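**Student:** okay, sequence plus prediction incoming.
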Amino acid sequence: MWAMIVKEFRQVRRDRRTLAMMIVMPVLLLVVLGYAASFDVKSITVAVSGPQAGLVAGRLPSPFDVTTTAPGQGPAWARDQLRDGKAEMAVVTGAGRPQVLIDGSQLFSAKAALAALAASPRQFTVGGVNTPGGPAGAGPAGPPKVTVLYNPDLTTSAIMIPGLCGVVLVFVGTIITSLGVVRERQSGTLEQLAVMPLRPRDVFLGKIVPYFLVAAVDLTIVLAVGIALFGVPFRGNPAVFGLGALAFLFVTLGIGVLISSVSQNQGQAIQLAVMTLLPQVLLSGLIFPLTSIAAGVRWIAYFLPLTYFNQISRGVMLRAEPIAALWQPFVFLALLGAIVVTGATLRFRAYLAPAARERGPRGRAVEPQGAGA
Amino acid sequence: MTGSDVTGRDAVVAAAGPGGSGLPVWGARGVCVDYGKTVALSDVTLCAPAGQVTAVVGGDGAGKSTLLRCLAGALAPDSGEVRRPGQERTGYLPESSGIYPDLTVAENLDFRAQGYGMPRRLARERAAEYLDRAGLTPAAGRLAGQLSGGMRQKLAVIAAMLHQPDLIVLDEPTTGVDPVSRSGLWWLIARAAAEGCAVVLATTYLDEAERCASVLVLDAGIALAAGTAEEIVAAMPGSLRAAAARPDGDAAARSWRRAGRWRVWEPDGEPGPGGDGAIQPDLTDAVTVAALAVRRGGASGAGASGAGASGAGAGAGRPAGGAE
């Protein structure tokens, strides 16, 4: 047994990357994720419409944070604000009872909003308008009419399934892809590929297309199961969802190839892939609301593709958000994709030509005219 | 990489072309490769004429695989020139065999054929023919990972020559292969050469090297000798004697055990005391002597690559040319 222990220590000591991951990463992850792990909603974005919008907006207490007021707008505008993800709650003022609309797809914000509304002991009126949380006894009775949209029962599965679709894609796109490529190196077939008349681009695409198709099938199955078993609605345009999934897969597959091109073996590839998966699961808003994550850590979320896919999948599936309202996550996904795939392609090119990477092709290779590439 | 480079090609052909036949000669000239502080190849030249099998021999770490990787295009030399056909006209069997263990024999060949752009029908016909001749037809549906070592090597050789390239580079195709499979592999290799292909192979078996049209002997990245096996043997400096026991003194460093007896190399050609008399060296002896000569430093070591530079032609057979 002692011999085994010594042997293992010697092997681990020589695998510097694994050693670093074993020692540094747990501490780093604990610190980062410790700051991220919070369900506390400190701020709820509110859009207020109707004739008394200005007055109401001025009197809404914490945690309500009025981001938009539109005195000239009505209920339709308020719904659009929620649908397009511009606010988590909307208040529609008018002559009668005010109407409060809450976005149920933002589960924790919605629950916090309902709790804040319930905490108001009495309803009040300012200039004939009922507002929640205002000074007690200011006006006629009549609570505001509260409507939870998109996820009226506030079920967890409704918001998790769209996000889990992204996790499935990360799993297949990043972890499986990184293994598939690094296996070529370990099995010794990489050198064979390098001397075959294949362009690096062809090898790159040839490696990722099968995983792309598998991931697409996986996504379809997960969606179907989610809808059938958990009753998750799909209200939006499937084409917009598909486009988002395509862009997201583009990034995750690129990350997979990038990981494999910097890994010497499947163990290293797995470690790196998991290191990209964990932050995505915990920091992308899938579990903890983005607004609840400490600002010092939250910025990481904006470099994670799953953050944007979450926004797209929840927006399309639950709120039927149109593509015009989702331009930001689409643009960021495209940007991430361009960066990652460019990096992966360059690395892959070097990966296929070890000589060029290690020493630079200073010698000459002479090929006769007409002999081909 | 053409145009003015043709001059380089002509120079190589002129120096080593078989009888001025005009057949293309692939190879390397003055190739140097370093791995950090380790010199893998130092000014090595190899000529591989079409229709011939050229062997690269040497011990572990001699630089055989590095030279073959340069020839196949898997490694760019630090300096020197490599002349090879285009990628689609080169076949390569790397040290690791390059075979996918989780694909069947037929699937491996199918992938290789598609990778080299072979028409599907031609690929099927040729694969069937090669598998038949290699005795692998019954194993066509088996996973390559489940094949024996010899069968897998035969598959790897078939895969390297399936597209009938102009240059086939085989890195130790017979290492670890049983005698029957070795015979089968050699049949395939000889057939490819007979069809006009230039074959370069690395081997640690000198009996195999003796069958080849020319041999390049490498040691620690340096070309010790080049030429036909007979030329290398004939050019061996000094003489060889047999001894019943290992000699004492300085001669101990020049002796080695073979077939139950000791062989002692006498650099000055005079049999020393205690010997049983001179014996006729073979390629194994000549290669061993060439390595010993280099280690002795100077007497026969310098200019080895010069011998290699002249390849299989007139200058061949001078082990460690400084002795000439």
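**Tutor:** Here it is on my side, so go on.
**Student:** burial count for the residue in the stretch 51-200 of chain A positioned nearest to chain B?
**Tutor:** Here the residue of the stretch 51-200 of chain A nearest chain B is A:G188; by CB to the nearest CB that distance is 2.5 Å. For glycine as for every other residue, the C-beta is placed from the backbone atoms N, C-alpha and C. Other residues near A:G188 come to 16 when the count uses other CB atoms under 10 Å in any protein chain shown.
**Student:** ok, it touching B:E95?
**Tutor:** Yes: when contacts are counted by CB atoms under 8 Å, A:G188 is listed as touching B:E95 (7.5 Å).
**Student:** which elements pack onto the helix or strand hosting A:L229?
**Tutor:** Assigned by DSSP states H and E, A:L229 belongs to helix A:200-230. Here helix A:200-230 touches helix A:156-170, helix A:177-187, helix A:238-261, helix A:327-352, going by 3 or more CB pairs under 8 Å, 6 or more residues apart in numbering or on different chains; DSSP states H and E.
**Student:** run the chain-centre distance for it.
**Tutor:** 17 Å (CA atoms, centre = their mean, to the nearest Å).
**Student:** got the buried residues for that helix?
**Tutor:** A:200, A:203-204, A:207-208, A:211-212, A:215-216, A:218-219, A:222-223, A:226 (16 or more other CB atoms under 10 Å in any protein chain shown).
**Student:** export those as JSON lines, with columns for pLDDT.
**Tutor:** Formatted as JSON lines, those follow (pLDDT from 0 to 100):
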{"residue": "A:P200", "pLDDT": "80"}
{"residue": "A:V203", "pLDDT": "85"}
{"residue": "A:F204", "pLDDT": "82"}
{"residue": "A:K207", "pLDDT": "85"}
{"residue": "A:I208", "pLDDT": "85"}
{"residue": "A:Y211", "pLDDT": "87"}
{"residue": "A:F212", "pLDDT": "88"}
{"residue": "A:A215", "pLDDT": "87"}
{"residue": "A:A216", "pLDDT": "88"}
{"residue": "A:D218", "pLDDT": "88"}
{"residue": "A:L219", "pLDDT": "89"}
{"residue": "A:V222", "pLDDT": "88"}
{"residue": "A:L223", "pLDDT": "89"}
{"residue": "A:G226", "pLDDT": "88"}
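**Student:** including distance to A:Q328, could these go into TSV?
**Tutor:** Shown next, in TSV, are these (distance: CB to CB, whole Å):
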residue	distance to A:Q328
A:P200	33
A:V203	34
A:F204	29
A:K207	31
A:I208	26
A:Y211	27
A:F212	24
A:A215	24
A:A216	24
A:D218	26
A:L219	22
A:V222	25
A:L223	23
A:G226	25
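**Student:** tell me the one of those residues nearest A:A78?
**Tutor:** A:G226 (28.7 Å; CB to CB).
**Student:** where's the closest one relative to A:A158, distance?
**Tutor:** 9 Å (CB to CB, to the nearest Å).
**Student:** ok, A:V66 next?
**Tutor:** 27 Å.
**Student:** show me where the stretch 51-200 of chain B has its strands.
**Tutor:** B:53-57, B:79-83, B:90-93, B:167-171, B:198-203 (DSSP state E, counting those that start in this stretch).
**Student:** the longest one vs chain A: in contact?
**Tutor:** The reference is to strand B:198-203. No: judged by CB under 8 Å from any CB of the partner chain, strand B:198-203 and chain A are separated, with a smallest distance of 12.9 Å.
**Student:** can you list the strands that that strand pairs with?
**Tutor:** Counting by DSSP bridges, the strands paired with strand B:198-203 are strand B:53-57 (parallel), strand B:167-171 (parallel).
**Student:** max-length helix in chain B?
**Tutor:** helix B:179-194 (DSSP state H).
**Student:** could you list the low-pLDDT ranges of chain A?
**Tutor:** Residue ranges of chain A with pLDDT under 70: A:120-142, A:353-373.
**Student:** the helices in the stretch 151-300 of chain B, which residues?
**Tutor:** B:179-194, B:206-211, B:229-234, B:283-296 (DSSP state H, counting those that start in this stretch).
**Student:** which one of these lies closest to chain A?
**Tutor:** It's helix B:179-194; of those, that one is closest to chain A (CB to the nearest CB) at 17.2 Å.
**Student:** report how many residues lie close to the residue in the stretch 101-250 of chain B positioned nearest to chain A.
**Tutor:** Nearest residue of the stretch 101-250 of chain B to chain A (CB to the nearest CB) works out as B:G115 at 4.6 Å. Counted with other CB under 10 Å, the neighbours of B:G115 add up to 21.
**Student:** what residues does the closest residue to it other than its chain neighbours make contact with?
**Tutor:** Residue nearest to B:G115 in three dimensions, not counting chain neighbours: A:M196, with 4.6 Å by CB to CB, 6 or more residues apart in numbering or on different chains. By CB atoms under 8 Å, 6 or more residues apart in numbering or on different chains, the contact list for A:M196 reads B:87, B:112, B:115-116.
**Student:** could you dump the strands paired with strand B:198-203 to CSV with mean pLDDT, distance to A:S62 and mean neighbour count?
**Tutor:** Converted to CSV, the strands paired with strand B:198-203 look like this (pLDDT from 0 to 100; distance: least, CB to CB, whole Å; neighbours: other CB atoms under 10 Å in any protein chain shown):
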stretch, mean pLDDT, distance to A:S62, mean neighbour count
strand B:53-57, 95, 80, 27
strand B:167-171, 96, 73, 27
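**Student:** can you pull the residues of the stretch 151-300 of chain A lying near chain B?
**Tutor:** Counting by CB under 8 Å from any CB, the stretch 151-300 of chain A sits next to chain B at A:187-189, A:191-192, A:194-198.
**Student:** let's see that with 6 Å instead.
**Tutor:** When proximity is defined by CB under 6 Å from any CB of the partner chain, the stretch 151-300 of chain A lies next to chain B at A:188-189, A:191-192, A:194-198.
**Student:** what about B:R258, how many neighbours?
**Tutor:** Applying other CB under 10 Å, I find that B:R258 has 13 neighbouring residues.
**Student:** same check, this time on B:T38
**Tutor:** So B:T38, with other CB under 10 Å, has 10 neighbours.
**Student:** and it, how far is that from B:A229?
**Tutor:** Applying CB to CB to B:T38 and B:A229 gives a distance of 29 Å.
**Student:** got it, and B:C70?
**Tutor:** 24 Å.
**Student:** between these two, which has more neighbouring residues?
**Tutor:** B:C70 (30 against 24).
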